[in-house]
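**Student:** this one's sequence-less:
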């Protein structure tokens, strides 16, 4: 069973001539089948954690370890991480002009699964998932993320997750920019993959990064972590989310932050 | 010099090894008895010799000799790519590889057949994806065929040497009428020593629905290939002509200097597609121009993947009202390559319109330049022109330049110009790699996406070929 262990992770962001520490010793363990929500105010480093785990070159790990089933994630390239079973649903998916979504998805599935999926089975798989996510079939022939609405981008990220079947899925503000219907469709997609992977004996571990509690009404977290100033400030169960909903982050930051 | 003409196992194995070592797939050379004995350097005797061998009419010899003088007088262009290393005295200006042109693959000499088999031409013809084929090996066309139904409709597709013999009147009228010998140093050179190329005539109203294809192959080291193509599309007719080019990888340079003249008559349409994949020791200096009459349409689709240096600016002179010209081009400049390409659009009549879409990719220190001219003459009112240049740099040591020239001498015109340089971004790479693609696969995917607007205009097998070439070019692109 999958296990992601983050120990004392320090990460700096690299710009032209400066380097600034964003993550200041993160400790977190995600076991198979668990859903962890990370909540925190703007600028607390939540997204930096997501990017660093997936290996974005802009972020430099200065110390600490990340292990996936005991394997050293930090020494892996971005694509090796994906093939090892780590998936990141991005907050800001990138446009790739001229590359069709179907081409990208099939190439990615081939890379992650280690062999090209059979054509007929693959087409059915994609069609079913797209229907579940209420996506227009034409979508597959459009260029990756080009001209997608906010909702379409997020659905596309969840579509990737359900096709690439990761052991650990990191969802970086997947709820941002979604209207209530889209939020429900996307959340159901996540829940469906959780249930499917559990049924297959490979229950996915989920790290859900969010500002707001509303997505937690759809995706039930087992653990909630409050993230402040690049660290986990407090951990608890879903009741912690309710407290945050009522009181905001003021108890942790010492100042009122608009929700 | 290469070994005796013999297709031994050892030679095959050696060729395979060379293939494996180089990313250039067509870099092998075949037996080269003809090339070995060919004379180097250019003088009046060489020109007279070519004309004599071909049994040409006197007027053509005179044209050639006049052009030779123009070539000797004209300086090398001082703009564009560096041509100072071309050693005109070391080039072989004419190589006859076989005594006879044939119309059946079976009749080709074994070594030449072997070359084209490896490039994959007979397959394409067998599958009837093309309406006619011409294959030029060294200086002359060695194979030529056209589908019978087209021949019956009066479509002519011949090598240019045969065209001159069989249609002397058309040649006297049109040869050199679009690109005079003195147009530039290399059109003068071509006119002096031209050999081979294609002659196409499409009669009034005839639509050739599937493409005519020509394949050009240089096999000899230091060879100069000077094919001459003349295409006449009569009123309301349509034709699509496609050419592909390859050469072996040698230590020293070869020269390809073609002239392509096209006349598109009233209401007719012509599309000319090139996928140039010369090896990176070929100077590719080509003059291509069309005269488009009233209501005629000329479309150049131009892919430059190979060659050490390319200077090529396919042009359309819009002579009649409502004539249209377009150029869609993609250039790929890798290590040691300079692709200086673009277009010239001359609006010489009212209501004419032109469009230039140019995309280039530079990597590993390669250099690509867009160089274009849009000229609207007095009287060419209500003309429209759009120019779009888009350059992709995949690293920080490569280079892209844009030289757009605009010369408008009429008030009532619409002109658009847009130039962008994109750096393939870390974010794009990261996004695709997060899907499990290696850095190389991700980069190739970004590049393929970038050229997709042009790839989709190509016949299917050429689009696949272009994608494959790009993939090979991108191998080892990232470390």
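**Tutor:** Everything's here; your move. The shown structure was predicted, so the numbers you read here are calculated from the model rather than taken from an experiment.
**Student:** so which bits of chain B are right by chain A?
**Tutor:** Among all residues of chain B, those adjacent to chain A (criterion: C-beta under 8 Å from any C-beta of the partner chain) are B:425-428, B:430-439, B:441-442, B:445-446, B:448-453. Quick note: C-beta positions are derived from backbone N, CA and C, even for glycine.
**Student:** from these, list the buried ones, please.
**Tutor:** Among these, the ones that count as buried by 16 or more other C-beta atoms under 10 Å in any protein chain shown are B:427-428, B:430-439, B:441-442, B:445-446, B:448-453.
**Student:** follow-up on the earlier one: among the residues of chain B next to chain A, which ones are in helices?
**Tutor:** By the criterion of DSSP state H, membership of the residues of chain B next to chain A in helices covers B:426-428, B:430-433, B:439, B:441-442, B:445-446, B:448-453.
**Student:** check which helix or strand the residue of the stretch 151-259 of chain A at minimum distance from chain B maps to.
**Tutor:** Among the residues of the stretch 151-259 of chain A, residue A:160 lies nearest to chain B; the distance is 6.6 Å by C-beta to the nearest C-beta. Assessed by DSSP states H and E, residue A:160 sits inside helix A:150-164.
**Student:** and the contacts of the next helix-or-strand element following that helix?
**Tutor:** Next helix or strand after helix A:150-164 toward the C-terminus (DSSP H and E): strand A:168-172. Strand A:168-172 is touched from outside by A:2, A:4, A:30, A:46-47, A:50-51, A:53-54, A:68, A:85-91, A:157, A:161, A:190, A:193, A:204-209, with contacts defined as C-beta atoms under 8 Å, 6 or more residues apart in numbering or on different chains.
**Student:** circling back to that earlier point, quick one, what contacts the residue of the stretch 151-259 of chain A closest to chain B?
**Tutor:** Contacts of residue A:160 (C-beta under 8 Å, 6+ apart): A:87, A:89, A:105, A:108, B:435.
**Student:** equivalent analysis for residue A:236, please.
**Tutor:** By C-beta under 8 Å, 6+ apart, the residues touching residue A:236 are A:223-224.
**Student:** who's it bridged to?
**Tutor:** Here residue A:236 sits in beta bridges with residue A:224, going by DSSP bridges.
**Student:** look at it and report its pLDDT.
**Tutor:** pLDDT, residue A:236: 94.
**Student:** low-confidence stretches in chain A?
**Tutor:** Residues of chain A that meet the criterion pLDDT under 70 lie in A:255-259.
**Student:** show me what from it comes close to chain B.
**Tutor:** That would be A:54-58, A:77-79, A:81-83, A:87-88, A:90, A:93-99, A:103-105, A:107-108, A:111-112, A:143-144, A:160, A:164, which are the residues of chain A within reach of chain B (C-beta under 8 Å from any C-beta).
**Student:** related to what we said a few turns ago, looking at the contacts of residue A:160, which is nearest residue B:457?
**Tutor:** For those, the residue nearest residue B:457 by C-beta to C-beta is residue A:105; the value is 25.3 Å.
**Student:** that closest one: what's its closest spatial neighbour, skipping adjacent residues?
**Tutor:** Spatially, and ignoring its direct neighbours in sequence, residue A:105 is nearest to residue A:163 (5.9 Å; C-beta to C-beta, 6 or more residues apart in numbering or on different chains).
**Student:** try residue A:245
**Tutor:** By the measure of C-beta to C-beta, 6+ apart, the closest residue to residue A:245 outside its immediate chain neighbours is residue A:213, 4.5 Å from it.
**Student:** can you tell me how far the one you found sits from residue A:248?
**Tutor:** Distance, residue A:213 to residue A:248, using C-beta to C-beta, to the nearest Å: 11 Å.
**Student:** between those two, which one's more packed in?
**Tutor:** Each of residue A:213 and residue A:248 has its neighbours counted (other C-beta atoms under 10 Å in any protein chain shown); residue A:213 has more, 21 against 16.
**Student:** just checking, the more buried one touches residue A:241?
**Tutor:** Yes: counting by C-beta atoms under 8 Å, residue A:213 sits close enough to residue A:241 to count as a contact (4.9 Å).
**Student:** in helices, which of the contacts of strand A:168-172 fall?
**Tutor:** Judged by DSSP H, the contacts of strand A:168-172 include A:46-47, A:50-51, A:53-54, A:157, A:161, A:190, A:193 as members of helices.
**Student:** out of these, who's the most crowded?
**Tutor:** Neighbour counts for those were taken using other C-beta under 10 Å; the highest belongs to residue A:53, with 27 neighbours.
**Student:** give me the distance between the closest residue to it other than its chain neighbours and residue A:223.
**Tutor:** For residue A:53, ignoring the flanking residues on the chain, the nearest one in space by C-beta to C-beta, 6+ apart is residue A:170 at 5.9 Å. Taking C-beta to C-beta as the measure, residue A:170 falls 15 Å from residue A:223.
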